[in-house]
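[1] any chance you can model this:
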Amino acid sequence: MAQRVKKKCRRRRSSPLHRLGRLCYGVLVALSVCVVVLFCAYKLMAKEPEIAAVPTPTPPPPGVSAQPGSALERKPYTYTFLLVAKDQVGSNADTMIVCTYDTVNQTVGMVSIPRDTLVKSGKLNAVYQKGIETLRDTVSDLLGIPIDFYVGVNMDGFRELVDELGGIEFDVPVHMAYDDFVQGLSIHYEPGLQHLDGQDVLNVARCRKNSDGEGTYPNNIYDTYPDADIGRTRTQQQLIATILKKALSNPQKLNRYVEIFLEYVNTNLEFGEMLWFAQPALGFHFETGMTSATLTGNGNTYYPGWGKYCYQLYPEETLETVNTLLNPYTQDLTLEDMNVFQYQ
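    Prediction:
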């Protein structure tokens, strides 16, 4: 009887290409699981933002009856923000910007309010001493629109965010040369495109005056910009747009952005609302979607009791800017909806 020859089954070695394919497949499966988990977490934690109430109209003078008006209707998924940065020396607001974000049409209107803007109590920037909520309510009353969210920026956080991004490329618009040994300031930049780190960005954003004029102090001090503080607000808007654009181009740093935001920013935005805004913001196109302006007025208005000149807004121009860039309603506002203070 013939003996059966037992054959040993040899395990065929897989080729390097086959092993690489299996590794890639495993990585894809793991990434898919992570994406699903993160998506589910986002859906569970993201919260649709709540809008603010319509500002209460200014009561008419005694003997004048209120005019009935149609109810104002909000545009869907359109939100308003007040961005505030504190003066690093005093307790006033140094920068005040109102933004309206239409998440449906992917547009952002950004309007700077000059720090010396005249309101009934005096200069608007001094209202910040009473708290950011009071400043928000004052701005809302001034412009006739609800302010859904306020964002008070701490300069340390602003600097850390820029450094986290590795700095930005920015075209400095004017010659800047200001030294103040009391404040520890030394700001020196020449016009042109250059790389700015976090401290550089703060310096450029703050610079309003130059100190390298002829003579001695205070005769050597002059405005950095030909249009004074209006020019500075324009530069601040451009800085913010540049920083946001670079931040959104690096979505992998989202967790770090949130950490910086929570640590250094005073806001009424809830964490879930921040997550909700993250999704539409990642698809935003700055070149076509963002428009900015500064409220115009007379910067040589003397207001008794302050001993200084204030910035008195032009009502008609303010109305046009608000309706064009900030109005969150489906219909245009009128001057009666606003409260642009005029000192006679």
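[2] what's the closest non-adjacent residue to Lys245?
    Leaving aside its chain neighbours, Lys245 sits nearest to Phe286 (4.8 Å; criterion: CB to CB, 6 or more residues apart in numbering). Heads up, the C-betas are built off the backbone N, CA and C, glycines and all.
[3] all helices for the stretch 51-200 of the chain, in order.
    With DSSP state H, counting those that start in this stretch, the ranges of helices along the stretch 51-200 of the chain come out as 132-143, 155-164, 198-206.
[4] tilt between the second one and helix 198-206?
    Angle between the axes of helix 155-164 and helix 198-206 is 120 degrees (criterion: axes from the mean of the first three to the mean of the last three CA atoms, to 10 degrees).
[5] for helix 155-164, packing partners?
    Applying 3 or more CB pairs under 8 Å, 6 or more residues apart in numbering; DSSP states H and E, one finds that helix 155-164 contacts strand 78-86, helix 198-206, helix 229-248, helix 254-264.
[6] for Met290, find the nearest of the ones you listed.
    Judged by CB to CB, the one of the helices and strands packed on helix 155-164 that comes nearest to Met290 is helix 229-248, at 5.9 Å.
[7] distance from the closest one to the middle of the chain?
    Offset of helix 229-248 from its chain centre (CA atoms, centre = their mean, to the nearest Å): 9 Å.
[8] mind starting the numbering at 791 from now?
    With 791 as the first residue, the last one maps to helix 1019-1038.
[9] what mean pLDDT does that helix get?
    Taken as a whole, helix 1019-1038 has a mean pLDDT of 92.
[10] then that helix to CSV, C-alphas only?
    Output of helix 1019-1038 as CSV, limited to C-alpha atoms (Å, rounded to 0.1, in the frame of the first residue of the first chain):
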residue,chain,number,x,y,z
ASP,A,1019,-8.5,107.3,15.0
ILE,A,1020,-10.6,106.4,12.0
GLY,A,1021,-7.4,105.2,10.2
ARG,A,1022,-6.6,103.1,13.3
THR,A,1023,-10.0,101.4,13.3
ARG,A,1024,-9.5,100.5,9.7
THR,A,1025,-6.2,98.9,10.5
GLN,A,1026,-7.8,97.0,13.4
GLN,A,1027,-10.5,95.6,11.1
GLN,A,1028,-7.9,94.4,8.6
LEU,A,1029,-5.9,92.8,11.4
ILE,A,1030,-8.9,90.9,12.7
ALA,A,1031,-9.8,89.7,9.2
THR,A,1032,-6.3,88.5,8.6
ILE,A,1033,-6.2,86.6,11.9
LEU,A,1034,-9.6,85.0,11.5
LYS,A,1035,-8.7,84.0,7.9
LYS,A,1036,-5.5,82.2,9.1
ALA,A,1037,-7.3,80.6,12.1
LEU,A,1038,-10.0,79.2,9.9
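[11] figure out which of the helices and strands packed on helix 945-954 is closest to Ala916.
    Proximity to Ala916 (CB to CB) singles out strand 868-876 among the helices and strands packed on helix 945-954, at 12.0 Å.
[12] what's the angle from the closest one to helix 988-996?
    Here the directions of strand 868-876 and helix 988-996 differ by 100 degrees (the same axes, to 10 degrees).
[13] please give the centre-to-centre distance between strand 868-876 and its chain.
    6 Å.
[14] what's that strand packed up against?
    On a contact count with 3+ CB pairs under 8 Å, 6+ apart, strand 868-876 meets strand 883-892, helix 922-933, strand 939-943, helix 945-954.
[15] what is the mean pLDDT for it?
    Averaging pLDDT along strand 868-876 yields 95.
[16] could you do stretch 1052-1060 as well?
    The average of the pLDDT scores along stretch 1052-1060 is 91.
[17] picking up where we left off before, using CSV, lay out the helices of the stretch 841-990 of the chain together with distance to Glu1053 and mean neighbour count.
    Output for these, formatted as CSV (distance: least, CB to CB, whole Å; neighbours: other CB atoms under 10 Å):
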stretch, distance to Glu1053, mean neighbour count
helix 922-933, 17, 20
helix 945-954, 6, 18
helix 988-996, 15, 20
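[18] which of those helices comes out lowest on mean pLDDT?
    Going by mean pLDDT, the lowest-scoring of the helices of the stretch 841-990 of the chain is helix 945-954, which has a mean of 91.
[19] distance between that helix and the chain's centre?
    Centroid separation for helix 945-954 versus its chain: 14 Å, with CA atoms, centre = their mean.
[20] same question for stretch 924-943.
    Centroid separation between stretch 924-943 and its chain, computed with CA atoms, centre = their mean, is 14 Å.
[21] the nearest residue to Gly1089 once chain neighbours are set aside: neighbouring residues, count only.
    Spatial nearest neighbour of Gly1089, chain neighbours left out: Tyr1101 (4.8 Å); criterion: CB to CB, 6+ apart. Using other CB atoms under 10 Å, Tyr1101 is surrounded by 24 other residues.
[22] ok so Tyr1101 is a strand residue?
    Yes. According to DSSP: H, G, I helix; E, B strand; the rest coil, Tyr1101 belongs to a strand.
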